[in-house]
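Chemist: show me the folded form of this:
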Amino acid sequence: MPDDALDDFTARDVTVGASTRRVYSAGSGPAVIVIAEMPGISPKVADFARKVAGRGLTAVMPSLFGVDGRDPRPDSLGRVGSARNMVGTIVRACISREFTVLATGKASPVADWLRGLAAQEHERCGGPGVGAVGMCFTGGFALAMATDDRLLAPVLSQPSLPFGIIESRNHSIDISDAELARVRARCGAGLQVMGLRFEGDRLSPRTRFDFLREQLGDAFLAVELPDSTANPDAMLPQPHSVLTEDLIDEPGQPTYDAREKVLDFFVEKLVANT
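Modeler: Now for the predicted structure:
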């Protein structure tokens, strides 16, 4: 795919606290915060945001890392360039104070900024509340954002933090105990949390979803897909990115159906009752 100019999105700078970031928006209606996976807002992340906007919602993409609109695939950058782009972005994020990569029982500081963005977008876009989807590196951010009552539809797509250097880290997710207790209480009052992963994904392991089931009970709506359902032409050899790189965008395909479940979830929680 060529790089995406993102020219059908409205770009603006948004300040929360002391931090200002570029944010891209499209559509109208209640807001859904689309938090890009590594290495940033790729053409396929932008395409997912366009699907959100097409459902009567406002897709809001904050730029947290990487080059906005860049196609990270080897057929665009070459294999060496693609690897350098991915590794460089991950390394910069790992040394940034905004992201907690290895520690358990702790959310990334950028989650506070995202909660502030969600509050601003709720006021700007209206509706009963806000949705959010995090992917891979940012998957758990959507859960941390759900400590705020305005977040009504959190989606965790292949949540990958903390990185599983040892097995015990896999039976956890990047959120503090106090934040998790708050989300658990909200789930007891009716909040639902959706999660997606491929069954063989070692970056987003089964034990992480087991942990979420233990903590959230029936409020955790898990979608786990066989690896064989992933796009065989995806960028990585191991199926990972359910909503983007590994999606087969054809009706009847399991990944297509999974994406539609996510979009239906947003509509149900944010549009259907307005």
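Chemist: so residue 21 touches residue 33, yeah?
Modeler: No: Residue 21 is beyond contact range of residue 33, at 11.9 Å (criterion: C-beta atoms under 8 Å). Just so you know, the C-beta spots here come from the backbone N, C-alpha and C atoms, and that holds for glycine as well.
Chemist: more neighbours: the two, which one.
Modeler: More crowded of residue 21 and residue 33, by other C-beta atoms under 10 Å: residue 33, with 27 against 15.
Chemist: show me the strands in the stretch 51-200 of the chain, by range?
Modeler: Along the stretch 51-200 of the chain, counting by DSSP state E, counting those that start in this stretch, strands occupy 58-62, 130-135, 151-157, 193-198.
Chemist: those strands: which one's closest to residue 241?
Modeler: With respect to residue 241, and counting by C-beta to C-beta, the nearest of the strands of the stretch 51-200 of the chain is strand 130-135 at 6.7 Å.
Chemist: would you agree residue 231 falls within a strand?
Modeler: No: counting by DSSP: H, G, I helix; E, B strand; the rest coil, residue 231 is located in no strand; its state is coil.
Chemist: any idea how far it is from residue 224?
Modeler: Distance, residue 231 to residue 224, by C-beta to C-beta, to the nearest Å: 17 Å.
Chemist: any regions of the stretch 151-274 of the chain where pLDDT drops low?
Modeler: 164-169, 273-274 (pLDDT under 70).
Chemist: ok, back up a step: adding mean neighbour count and distance to residue 186, write the strands of the stretch 51-200 of the chain out as TSV.
Modeler: Below are the strands of the stretch 51-200 of the chain laid out as TSV (neighbours: other C-beta atoms under 10 Å; distance: least, C-beta to C-beta, whole Å):
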stretch	mean neighbour count	distance to residue 186
strand 58-62	26	21
strand 130-135	30	14
strand 151-157	28	9
strand 193-198	25	9
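Chemist: dump those strands to CSV, plus distance to residue 209.
Modeler: Listed next are those as CSV, based on distance: least, C-beta to C-beta, whole Å:
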stretch, distance to residue 209
strand 58-62, 26
strand 130-135, 15
strand 151-157, 9
strand 193-198, 6
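Chemist: to residue 182, which of these lies closest?
Modeler: With respect to residue 182, and counting by C-beta to C-beta, the nearest of those is strand 151-157 at 11.0 Å.
Chemist: and the contacts of that closest one?
Modeler: Defining contact as C-beta atoms under 8 Å, 6 or more residues apart in numbering, one finds that strand 151-157 is touched by 32, 37, 115, 118, 128-136, 139-140, 142-143, 145-146, 173, 191-197, 212, 241-243, 262, 265-266, 268-270.
Chemist: in ChimeraX, how would I select the buried members of the residues you listed?
Modeler: Listed next is the ChimeraX selection for buried residues among those, using 16 or more other C-beta atoms under 10 Å:
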select :32,37,115,118,129,130,131,132,133,134,135,136,139,140,142,143,145,146,173,191,192,193,194,195,196,197,212,241,242,243,262,265,266,269,270
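Chemist: from the contacts of strand 151-157, which land in helices?
Modeler: 115, 118, 142-143, 145, 212, 262, 265-266, 268-270 (DSSP state H).
Chemist: of all the residues you listed, which comes closest to residue 63?
Modeler: Proximity of those to residue 63 (C-beta to C-beta) peaks at residue 118, which lies at 15.7 Å.
Chemist: so which strand or helix has residue 223?
Modeler: Take DSSP states H and E as the rule and residue 223 turns out to sit in strand 220-225.
Chemist: in that strand, which residues are buried?
Modeler: Going by neighbour count (16+ other C-beta under 10 Å), the buried part of strand 220-225 is 220, 222-225.
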